[in-house]
Structure formats: structure tokens, C-alpha cells
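Visitor: Just a sequence and a predicted model for now, questions to come.
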There are 2 protein chains.
Amino acid sequence: VLNRDLVGQRSETVRRANLSAIVRELHARGPLSRSELVARTGLTRSAIRALIGEFVADGLVVERTPPLVGVPGRPSPVVRVQPEGVVVLALEVAIDSLAAAAVGLGGVVIEERRVARPRGHFTLDEIVADLVELTGGLASFARTRDSIIGVGVAVCGVVNRADGRVATAPNLGWTNLPLGARLEEALALHVPISLANEADLGALAELRRGAARGADDVIYISGEFGVGGGIIVGGQPLTGAAGYAGEIGHMSVNPNGTRCPCGAVGCWETEVGERALLALAGRSPEGGIAEVDAVIADATAGSETALAALESVGRWLGLGIASLVNILNPRRIVLGGLFGRIYPFVSTTLDAELHRLALEAPRSLVQVVPATLGIDAPLLGAAELAFEPFLSDPAASFGPRIAERRVVA
Amino acid sequence: VLNRDLVGQRSETVRRANLSAIVRELHARGPLSRSELVARTGLTRSAIRALIGEFVADGLVVERTPPLVGVPGRPSPVVRVQPEGVVVLALEVAIDSLAAAAVGLGGVVIEERRVARPRGHFTLDEIVADLVELTGGLASFARTRDSIIGVGVAVCGVVNRADGRVATAPNLGWTNLPLGARLEEALALHVPISLANEADLGALAELRRGAARGADDVIYISGEFGVGGGIIVGGQPLTGAAGYAGEIGHMSVNPNGTRCPCGAVGCWETEVGERALLALAGRSPEGGIAEVDAVIADATAGSETALAALESVGRWLGLGIASLVNILNPRRIVLGGLFGRIYPFVSTTLDAELHRLALEAPRSLVQVVPATLGIDAPLLGAAELAFEPFLSDPAASFGPRIAERRVVA
């Protein structure tokens, strides 16, 4: 019994879902032949042709038929995105720097600027002004401005995704500040703005374009001044009830441990964070990146103090990772920031702790790997966040904008 | 540009998705008027009428027009499931008991049998034979046998959902045993069989029909001989890479703690499990439920030893819950088994620890509540697991079976 009523009502929804499926594939995987798109989306060849035609007409993708090679049959046209057809603005408020980038469809970084900033407390006004200035300084900004369909912001703090407020950012001295609303007003781009925690976005970037590619269940653990975590479950970011999930640096690992800046005692980051490593290595805990560089240089040169400090951090790192493996049964653990840098020194100790403390069943399935996107992971993740509404429903986002651009041109 | 090609190809998919949406609502929420179904599914009134007609024809739901009351207009017919139209068999291998139940659509327990079993190791053959016998003893089994569309099994162990093997069940002395395949053969029902960990299924049941109803992000924490956890994220069970997720009893909470049966040191369950409580209360750690009952009775009578033991467990319970709140940002924590029973004695201590150790932002959003389904939660969750393929695509599951039943009748 096929109810025809349902068909008319739902066909536009189906068309939009199919446009979304195609653009997601091209954005995530790069150029694909029509045949590959048929295989990946389950749509018919004629449907793919029609839908690609819509994107081509709107300047979002181009098709090229590869030259004939020595195989029989007509080669399938290759479809690729036009990066400057749809652009997002990615911003980052990191502990040691601010960054802005124009990122095109397919994750192409058109231009990026990053400036160091001293650690310490800044007002919301100062940070907003600096980000606006950094954005204005992107040489490509004027050119791509009309193609910008969203803004994504990575923040070194706990972010409420629903209202764009920073619930708490101890490194900035912030509590419950409306960064999203203030940036929206100051940038005046009239496009959606989305904010999230930097480690959550680092996880997203490593999943789409880095060390977690191909895995559906991932924990990204980023060591910085504090310890951040981004959790991916079934290919989707785990946000929790309000976007606060992933604060793995505040797992209780040592009831007899030291006080954490968060106010609790014995948090994981008091044992594995930058300050713990520096203190163990006999350096000033507040020494920052320069001192971390020195510890790594010392360890490379064979310093026993530096190696012992790294081993202690590796042991606690393994203990916390074992807990996360037991709780979440991830396929891959990606170590970013400080932890990616020290991985060569701590991998043996870390593995031994994992064997000692994790259950065999989940442990046998997990890989621990260093991150591959380096310092830019959260910024690239902010771009992915900003692309999300477009990827979910490209017709809704680009339809009106494209129409408007044509009138202007 | 509406591409008509897509419409024909997808309309059957749309119809099946709509059947699924309707039956899910009726299964989860109980009787609903057609108007409520329109509001909840977003389908048109005529579509709802046609699809309900299909279910009525197949004997899965009934419609009844309520009597006219003193309001203008025709009352909307009320739709309800016929529990015996689609039945699942739910089984449970718990630490202290075995259980079997025939559960009808809507989660109606048609009949349940539970038998105590002594703690200790049993062979796979023994458990399979006991479960088959228990099932055969259900008086309703012969009557509902032809309506059974799936079997769900809750197991006190780590279960690989993909292959139905029990990876490890220390309480049974099992490692990597094919419980699913053996039960499938022994029951000879020729329907899909699904297995999962008991705490994961307890979480699912509390979400659908108990203390977690209405929340999308939930952690169910069950205290028994060990400590089990079931995690719900965005309304879906978090299984991890292979269904092993939720082993929160093996979080490392005390590096100077005692050895856990899993082989590690300082696992959460060594501080909050049944044995820890009994030892703290000066009773035999292996005393089991009878001794736990005695501790609770002593505490109720004001025994300082018993109250101090419960306070210590409450402190460690709060510490572990704080970690989980920071990692997962849940909306609700449901305390099952032992923890539900002792909740009145430990709630103050637990709250204080949560304030001391959890970040303010996620803590301000979480509610800690005792479970409401009691000992049957995992069994009811096993039924929900067995219903899942039917709820996802009722046309695929009941179509052939209904046809076959008609031939038989």
C-alpha cells in the first residue's frame, strides 16, 4: 500500500537530504568521480547527475572528465568543490595565541593569521577587538566576505553551545560571558556564529582531516596549560547536555593529590599538565612553552631528570587513558598539544599502564596515536563547526545567498 | 528543481520510516490520539490515518473513538498497541538470579519468571539449559510463541554486541563464550537474538520507562557485586567501538587502593561495591545480599558503624560521579541496584563531594536520582533491545510473519 499523499509532501525533504549527502562526501573526502558518489550515497546515477547539476549552476562544484586512458568505456566525470564558493570564518582564543582563518569548502585554508598573546586575564572587550582586527587583516577577507556563510569559534574554556556563552575560562578569568553575541555584533557578517571548546573542536578536526580519520569512536586528549578532551561517539561529537562534555582534565585520579585551579583536589591535569611536567623537571611551573621546549631538549640529550619527569607524566597519562578506555570503549585515542610532543618519550610507560589498568576487551581494540594537525587542530575544527549547518542543508544556506550575489553581479 | 526520479525510488523508504515513527511513539508513550500522533511525528492527518490503517489490518494496534464529552468538535480517535500482536522474549543472567519474560509491544510484561541462583561459576551449557527451561516454563510461551519477533539477553559481563559473545564475565568465570549463538540454537525460535551488558540495558529501561524518562543524556550506575554503568548520549545508548563502553566500575580512583578482581588496582568498585560496604561495616565481604540487608537495617536503627560505612561509600560514590559529570555532562544520573537502596543514607555526602569535585557548569545541570524499575531494569532493557529492529522497520519484521500467521490460521 503506497500512500501517494506522503510522496509529494516528502519529496522536497528527500531532495535536500540528497544534496546534503553529496556535499558532505565532497567536503570530507575531496574530489570524487560520479561513480564513487553513486557508491557512497546509494543514489542513482541519474539522481547524482541532476543534483550535481544544481551545485555546478550555483558555482559550488566543478566537473571535469578525465582524459581517456587505456581502459574500455567512458571515464566517470570527477566532481570537486570550488573552495571559494562557500567560505567560513574560523576564530580561536587559545591560551598562548589568537587566530583567524578564512576556510573554503573542502576544508581548504584560504588564509590564516595567528598572533601570540601573553598568558593572563583579558576583558571580553579586548579579546573581541583583537579578533575583529585579526579578521580584518586577512587579505582575502574583502574578497571572500560575501561567500562567508558562518563563523566558528574555538575557545580555551567551557562553552555553552546553545547560547554561545563562555561558562568559564579560568585562563582568561572569564565566567559566563556572551562571547558569541558580542562577536556577532562586532563582526556584523549577518551569518550564524557557533562556539565550542577548543579540545572538542580539535577532536572534530582530527576526525575529519587528521589522525582520527576513519575511526568512529575517538577521544582527543590535548595537553596544554590544562588538559582538554574532545569525545567522538559514532562519528558525532559528544557534547553532553549543554556542550560541557569532555572536561577529562578534571577526572579525579588522586585523592591525595594537589589542588587544581578549578578548586578541586587530585584532578588529572594536576598530574599530567604542563605545570606538573615542569615542576617534576625542576623548572618553574609557570615557565610556559619555552620551559617545556627546554625539558624536551634535555630529555633528547639524555637528561635523567627530564626523562624521569616525562616518565611520571606518562604513568599518570596511562592511568587516565585506561579509565577513559574502560568508560568509553574508543577505537582511537589521539594525543594533541603537549601530549603529542612528548609521545615518543612516554609511549612505553603509557602502554604498560594501559595493560595494567584497562580491561582486556576494550584495550585490545584501542590505538593510541599522536595528533597530526598540530596547533591548528582547534581552528580547523572551528571551521568544520561553522560548515555544519551548510552541510546539513546546503539548499537552505546557499540558495538565498547565491541569488543575492547574482543580483549584485 | 524537483527531480521526479528521486521520488519513486525513495517513497517506499519514506513510508517505512513513517511506520517506524508511529510505532515508536505508541510503544514508548502508550495510547495517543491521532491528533497527538500528528503533532509528534509531523505527518499529515491523512498520512497518519492511512498508516494506522495498515497496523490495524495487521492486528498490531486498535483504534477507539472516545465518547463525546462537553466540548465542541469530533474527538480524535485514540490509538493503542495490541501487546500480544508483537512479543519479545527477554532473558537475564544476573549475579544472583536468572530471569525470563514474555514482553509485548508497549513494554507490557505478559509474564515473568525469576529464579535465584547461587553465586559462583557455571558452565555455558548449564546457563543455557537453565534459561531454556525457564523460558519453557512461561505459561504464556506456547500461546505467544508465533508472535515472538526477537530475543534480548542481559548479561552480568562484558558483551560484544556484534557477535553475541560474552568477552568476559568474572562472576561466571567466563571468557569469550558464544552465549548468543548457543541460545539461538537451543531456543530454536528462528528470530534475531541480541545480547548486551546488564547495566547498559538497565540504562535503556530507565530511559524508556523509569527514572531517566524525558532526559537525553543519562548515566545509569548500578551497584551490585561489581559496579556497572550504562551511558545514554543524545537519547541513544553509548556502546563504544564494540559494545564494551560503560565499564565505569573500573575507573581508576585510588592509586593507593586495593586490588580489583579485574586485576587492576584502585578501581572505583573496590571503594563503592558491595564488598567495600560490607568490609567497612565489619561484615564478611562475601556475605552477599543478606549481609547488605543487615547493614541497611543497622543503619536504619542508627548503628554508627553502619552509618560510617555508608558515608565512606557515599564519599567515593560522589568522587566517581563528579568525574563522570565532568567527562560526560549528563542531565541525569540514575542510581540502580545497591546504590538506589542506599541513596537515602548517602545523598548528603554525595552532594557535598559533587560540589567539591565537579565543575560548576555541568554540575548545575545534573540531577542525581534513584532508579525506579528496581531489579527488573536490565530484563526490561533486554526487551527494549529485542524490540529495536521491529521499531526501526516494522514493515520488514512483521510483514512476512503476519502473512505466515494468516496461512497457519
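Guide: Thanks, I have it. Residues are numbered from 1 along each chain as shown, chains lettered A, B, ... in the order given.
Visitor: now the stretch 251-400 of chain A, which segments are flagged as low pLDDT?
Guide: A:397-400 (pLDDT under 70).
Visitor: Could you report the neighbour count for the residue of it found nearest chain B?
Guide: With distances taken as C-beta to the nearest C-beta, the stretch 251-400 of chain A approaches chain B most closely at A:N329, which sits 2.4 Å away. C-betas here are computed from N, CA, C, even on glycine. If you count neighbours by other C-beta atoms under 10 Å in any protein chain shown, A:N329 ends up with 26.
Visitor: what residues are up against it?
Guide: With C-beta atoms under 8 Å, 6 or more residues apart in numbering or on different chains as the criterion, the residues that contact A:N329 are A:217, A:362, A:365-366, B:239-247.
Visitor: Could you find the closest non-adjacent residue to it?
Guide: Counting by C-beta to C-beta, 6 or more residues apart in numbering or on different chains, B:G240 is the residue found nearest to A:N329 once chain neighbours are left out, at 2.4 Å.
Visitor: How about the residues of the stretch 51-200 of chain A by chain B?
Guide: Along the stretch 51-200 of chain A, the residues adjacent to chain B under the rule C-beta under 8 Å from any C-beta of the partner chain are A:51, A:54, A:158, A:160, A:167-168.
Visitor: swap the cut-off to 7 Å and go again
Guide: Applying C-beta under 7 Å from any C-beta of the partner chain, one finds that the stretch 51-200 of chain A approaches chain B through A:54, A:158, A:167-168.
Visitor: Out of those, grab the one that's most surrounded.
Guide: Comparing those by number of neighbours (other C-beta under 10 Å), A:V158 comes first, having 30 neighbours.
Visitor: circling back: return the backbone torsion pair for the residue of the stretch 251-400 of chain A closest to chain B.
Guide: phi 50, psi 50 (degrees, to the nearest 10).
Visitor: ok, now A:I333?
Guide: According to degrees, to the nearest 10, the main-chain angles of A:I333 amount to phi -110, psi 120.
Visitor: burial measure for it, as a count.
Guide: 23.
Visitor: List the residues that contact it.
Guide: By C-beta atoms under 7 Å, 6 or more residues apart in numbering or on different chains, A:I333 lies in contact with A:219, A:221, A:321, A:366, A:368.
Visitor: and what of A:P261?
Guide: The neighbourhood of A:P261, defined by C-beta under 7 Å, 6+ apart, consists of A:P170.
Visitor: now it, what's its secondary structure?
Guide: Assigned state for A:P261: coil (three-state reduction, DSSP: H, G, I helix; E, B strand; the rest coil).
Visitor: picking that back up, Serialize the contacts of A:N329 to TSV and add fields for neighbour count, distance to A:V108 and secondary structure.
Guide: Formatted as TSV, the entries for the contacts of A:N329 read as follows, by neighbours: other C-beta atoms under 10 Å in any protein chain shown; distance: C-beta to C-beta, whole Å; DSSP: H, G, I helix; E, B strand; the rest coil:
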residue	neighbour count	distance to A:V108	secondary structure
A:D217	24	28	coil
A:P362	27	37	helix
A:L365	18	34	coil
A:V366	23	32	coil
B:T239	23	35	coil
B:G240	26	33	coil
B:A241	22	31	coil
B:A242	20	36	coil
B:G243	24	38	coil
B:Y244	29	38	coil
B:A245	27	35	coil
B:G246	29	39	coil
B:E247	29	41	coil
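Visitor: quick one: which of those is nearest to B:I148?
Guide: Within the set of these, B:G243 lies nearest B:I148; the separation is 23.3 Å, counting by C-beta to C-beta.
Visitor: pretty sure the closest one contacts B:G164?
Guide: No: contact between B:G243 and B:G164 fails when scored by C-beta atoms under 7 Å: they sit 9.9 Å apart.
Visitor: quick one on the thing from earlier: pull the most distant pair out of the contacts of A:I333.
Guide: Within these, A:I221 and A:V366 form the most distant pair, 12.4 Å apart (C-beta to C-beta).
Visitor: Pull the number of nearby residues for A:R45.
Guide: Residue crowding around A:R45 was assessed by other C-beta under 10 Å; the count is 13.
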